[in-house]
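*Asks:* All I have is the shape, not the residue letters:
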């Protein structure tokens, strides 16, 4: 069985396992829906008071909010294995992964698909739908292609952050909460156009953790809005590549981590 | 040709010294102090096809480290090793497809899924063809009496049931070599027997080579024709169980149940080492005091209900071996 | 009384061990605070009418929320949650103390220690670098301090109620998962409450959560005059009384339920 098919086979098994805890599934889904609903309510409240922010309207910001949250909830749903990875290293259960004739990253990634993230996903889809309707977007084939490309880049970027955080567990037993600040802070930051932020943060979000590349620039292209910061529109077609590149780097770091683990046995 | 060849295997762990204070963890990411601990030092042995070997030693002696190197989990610092013609750590994927590994305290089954589903997932992970899978599965289910357990989620199994399922899981792909790390740890007596019987059977009938580490000397006595004893990372005995005994001591024990519990038991050439009710345990060296003469002597002097000769328990042999080594 | 005091001290020492976590939390909170402040600044720059809260007030309000996050955040006792999972909560019931008071003192300790560890460095950082302002008068500072005590007890009292809800397993899990986020929102930790539309204000007034964050914060910034402290405190302590009574009666029922189930 190919790696790809095996991945979905394992994911399917994890879904069947979760189905044994139906009550818990519904409760957590609703909770996620509420959590993210509140975030959007906060954005709405600011617009109710101020009407616009530096020329950006509520539907435009809602478009940002919707796309980044759709991508994040997808990445997060597939993240369980890496999320719990620190525990696996500390308990020695990672050895059980190493005794199987398959790629370690594949086995960890396929550990579980968290269905309950559907709460966040559906909420952000609703916001996205409302924003697209308000903004009269075109839904032309190339527009849809760019949208898909944007979402893919964002998912890849967030997934890369999860992989990197898990990789740190090979070197330190501390859980590094700071990485969460980057991941969750990144989602929060991506809910608004980066044009709102101070220059240092804009630069960090473009060249450090390239959330702007998978979010701000392609969304400008999707909305056909000229960049108040001056970047040409074609940048948005190119920049989601940064997410893929980041994932590549993260997977490379992962392999280094596995090598380190196997030579130190820590 | 030998199935497993190990030559001069050495593995040192670096234990990071944690720095205290709120920034210790962060500083530790960049600069660390280490303490070196030798886990395995210059270990060599080779294993022929179909052997069943007990790998014995106290905690921290390097048993698990050796198993982890042989299973392809760890890379040693130096030394050579081939299992089924492959270097385990260099070709991890190809290597692990041909071996089976069981860790006594962990399960590789899916916690929330019925046992049979775990088996099917392992079939896909190991790329076992359907017909081969069916044949192996049916045989294992039959031998380990798993059929009543197959539809039970793993989390609801007892430890003994789970170990039986884990044994089956490790053998579904028909490995030629099986490594077991403490397979009977924590099991009840009946499950221990079931595990031992099963290992004995697959070793005899399917010619699976087995290397097992254990604390339980009964496992060794029941199963292993050959024992490798390791302490402080070094092998210091490799041979038969009888040879191990002979090397440490010639001691035999004569257990005598007397008619009269009050009598002291005194005979030439033997020492009383235990007294409990009617029972007396005498220790003697058969090269100096031949067993038949001793028995004749005892029965002539005392009214005896029953008597028999025993080897000293293997625990004591191994403990003695460690003591000798310390000296 | 001595029993509760020693519980309190034990918790204090436990929490003190997590200094690395506290340091990491500080960085996280600073980052989040900065993000919120930048968003607020952008909105204020686009303001067409004068907002009901000035920008410096809104910024100070936001940083206070980051500083006092652990005090305001409602969460059930992690130990009781563990006991419910492990099925050993009956031992807790068997303690020869007033269980409610025992849980309340644990809740207070679990709020004070992390708050002290995080709030002080965070406040220094925010005041020096990130535009958090001092209270306009000593009166405002005193009023805020009094209201903060009320917020602490209110947070602890609601948290104990959440702890008690765990005795109803599934429902408890749901409640303890949902209430904290909603409460944060309604205390003004997402967006300062005065910035919400006018028609929302009476709704916030009717709910207990305003007393956790919004009212003390506004006393600090001077948005509410120091004299308002009396009505703030009255409001807080009425709610505290309500939650203590609710908590005690729920605990009685929950224990009876456990005894019936033999849990």
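*Replies:* It's in. Everything numeric in this text was worked out from a predicted model, so none of it was measured. Numbers count the residues shown, from 1 in each chain, chains lettered A, B, ... in the order given.
*Asks:* All the helices of chain C, residue numbers only.
*Replies:* Ranges of helices in chain C, per DSSP state H, are C:2-16, C:19-45, C:55-67, C:69-72, C:78-86, C:89-93, C:99-129, C:138-165, C:169-187, C:201-206, C:214-221, C:229-261.
*Asks:* Which of these has the lowest mean pLDDT?
*Replies:* Lowest mean pLDDT of the helices of chain C: helix C:2-16, a mean of 69.
*Asks:* what's the domain layout of chain B?
*Replies:* Under the assignment automatic domain parsing, the domains of chain B span B:4-246, B:250-311.
*Asks:* so which of the ones you listed is the most packed in?
*Replies:* Sort the domains of chain B by mean neighbour count, taking mean count of other Cβ atoms under 10 Å in any protein chain shown, and domain B:4-246 sits at the top with a mean of 18. C-beta: built from backbone N, CA, C; applies to glycine.
*Asks:* So that domain, near chain A or not?
*Replies:* Yes: using Cβ under 8 Å from any Cβ of the partner chain, domain B:4-246 reaches chain A at B:11, B:13-14, B:16, B:25, B:28-29, B:39, B:65, B:68, B:71-75, B:89, B:92-97, B:99, B:101, B:103, B:106, B:108, B:110-113, B:117, B:121, B:124-127, B:153.
*Asks:* my guess is residue A:191 contacts residue A:69, does it?
*Replies:* Yes: shown here, residue A:191 and residue A:69 form a contact pair, counting by Cβ atoms under 8 Å, at 7.4 Å.
*Asks:* returning to what we had before: a markdown table please, covering the helices of chain C and showing mean neighbour count.
*Replies:* Shown next, in a markdown table, are the helices of chain C (neighbours: other Cβ atoms under 10 Å in any protein chain shown):
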| stretch | mean neighbour count |
| --- | --- |
| helix C:2-16 | 14 |
| helix C:19-45 | 20 |
| helix C:55-67 | 24 |
| helix C:69-72 | 23 |
| helix C:78-86 | 15 |
| helix C:89-93 | 15 |
| helix C:99-129 | 19 |
| helix C:138-165 | 22 |
| helix C:169-187 | 19 |
| helix C:201-206 | 12 |
| helix C:214-221 | 28 |
| helix C:229-261 | 16 |
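*Asks:* Export the ones you listed as CSV, with columns for distance to residue A:162.
*Replies:* CSV is the format used below for the helices of chain C (distance: least, Cβ to Cβ, whole Å):
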stretch, distance to residue A:162
helix C:2-16, 29
helix C:19-45, 17
helix C:55-67, 25
helix C:69-72, 24
helix C:78-86, 25
helix C:89-93, 35
helix C:99-129, 26
helix C:138-165, 30
helix C:169-187, 22
helix C:201-206, 37
helix C:214-221, 35
helix C:229-261, 38
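*Asks:* Out of these, flag the one nearest chain B.
*Replies:* helix C:19-45 (4.0 Å; Cβ to the nearest Cβ).
*Asks:* What is the neighbour count of residue A:15?
*Replies:* Using other Cβ atoms under 10 Å in any protein chain shown, residue A:15 is surrounded by 13 other residues.
*Asks:* Look through the stretch 101-250 of chain C and state the residue closest to chain A.
*Replies:* residue C:190 (4.0 Å).
*Asks:* pLDDT at that residue, what is it?
*Replies:* With respect to pLDDT, residue C:190 scores 93.
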